[in-house]
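Q: Fold the following.
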Amino acid sequence: MNFQVTVLKVLVSYPDGFAVMEDIKRDMAILATSGRDWAERTKRLAARVPDLDIFSQGLIERLNGGWRITDKGRAVLEIMEARPAPAQQATELPDVRAVEEPTPATTLSPMPSIAPVRRTRKRSRRQRDAVRRRQAAAS
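A: This is a model prediction of the structure:
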C-alpha cells in the first residue's frame, strides 16, 4: 500500500478535506486490511507520479492536529486517477510541480466507502464520552 496515495484518498473522502490524525490512522487501517486490491491500486496510482511527496510539494497541509488536502493535492489526485488517452505513452508522466489548477478527469472505480464506519465510530465515541461525563459527575 502506498502511504502517500492513501493519505490523499482518505483526505479527499472528507467533505472539507480535513481529518484529525486519529481518523486518518483508522481509515488507513481499514483500507490496509481491505485486501490486495487496494494495495495494487495505490501502487498503480503512485506509478503515475513517481516523485510524489505530499508534504514538500504542498499537496497536504498540517492543521490543528490533523491534515487537510490542498487544491493542488486534489488536482494531483485527479491526474493520477485519470484514464490515459489511447495516444498517451506510459513514459509521459505528469509533472507534479506544474499542477496549479484542478482539472476534470474520469476516475477509476470509486474508493471503498468508509462513511458508515466513520458514523459508527463517531456514535461510539459520543456514547463513551457521555458515560465518562456521567462517571465524573457521580464521583
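Q: From here on, just use CA atoms for contacts and neighbour counts.
A: OK.
Q: For the protein, which residues score under the pLDDT cut-off?
A: 1, 84-118 (pLDDT under 70).
Q: switch the cut-off to 50
A: Residue ranges of the chain with pLDDT under 50: 1, 89, 104-108.
Q: residue boundaries of the helices in it?
A: Ranges of helices in the chain, per DSSP state H, are 3-12, 21-32, 36-48, 71-81, 115-138.
Q: need the ones you listed in a markdown table with distance to Ser56, can you?
A: Converted to a markdown table, the helices of the chain look like this (distance: least, C-alpha to C-alpha, whole Å):
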| stretch | distance to Ser56 |
| --- | --- |
| helix 3-12 | 12 |
| helix 21-32 | 19 |
| helix 36-48 | 16 |
| helix 71-81 | 11 |
| helix 115-138 | 29 |
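Q: Would you mind saying which of the ones you listed lies nearest Leu59?
A: Between Leu59 and the helices of the chain, the shortest gap by C-alpha to C-alpha is with helix 71-81, which sits at 3.9 Å.
Q: Tell me the helices and strands packed up against the closest one.
A: Helix 71-81 is packed against helix 3-12, helix 36-48, with contacts defined by 3 or more C-alpha pairs under 8 Å, 6 or more residues apart in numbering; DSSP states H and E.
Q: what about Ala137, neighbour count?
A: Other residues near Ala137 come to 8 when the count uses other C-alpha atoms under 10 Å.
Q: hey, which of the helices of the chain is tucked in deepest?
A: Scoring the helices of the chain by mean neighbour count under mean count of other C-alpha atoms under 10 Å gives helix 71-81 as the most buried, with a mean of 22.
Q: closest one to Arg123 among the helices and strands packed on helix 71-81?
A: Comparing those by C-alpha to C-alpha, helix 3-12 comes nearest, at 19.9 Å.
Q: Can you pull out the residues in contact with the closest one?
A: 17-19, 24, 27-28, 42, 45-46, 52-54, 60, 67-69, 73-74, 77, 111 (C-alpha atoms under 8 Å, 6 or more residues apart in numbering).
Q: if we go to 7 Å?
A: Residues outside helix 3-12 that contact it (C-alpha atoms under 7 Å, 6 or more residues apart in numbering) are 17-19, 24, 27-28, 42, 46, 54, 68-69.
Q: Sounds good, over and out.
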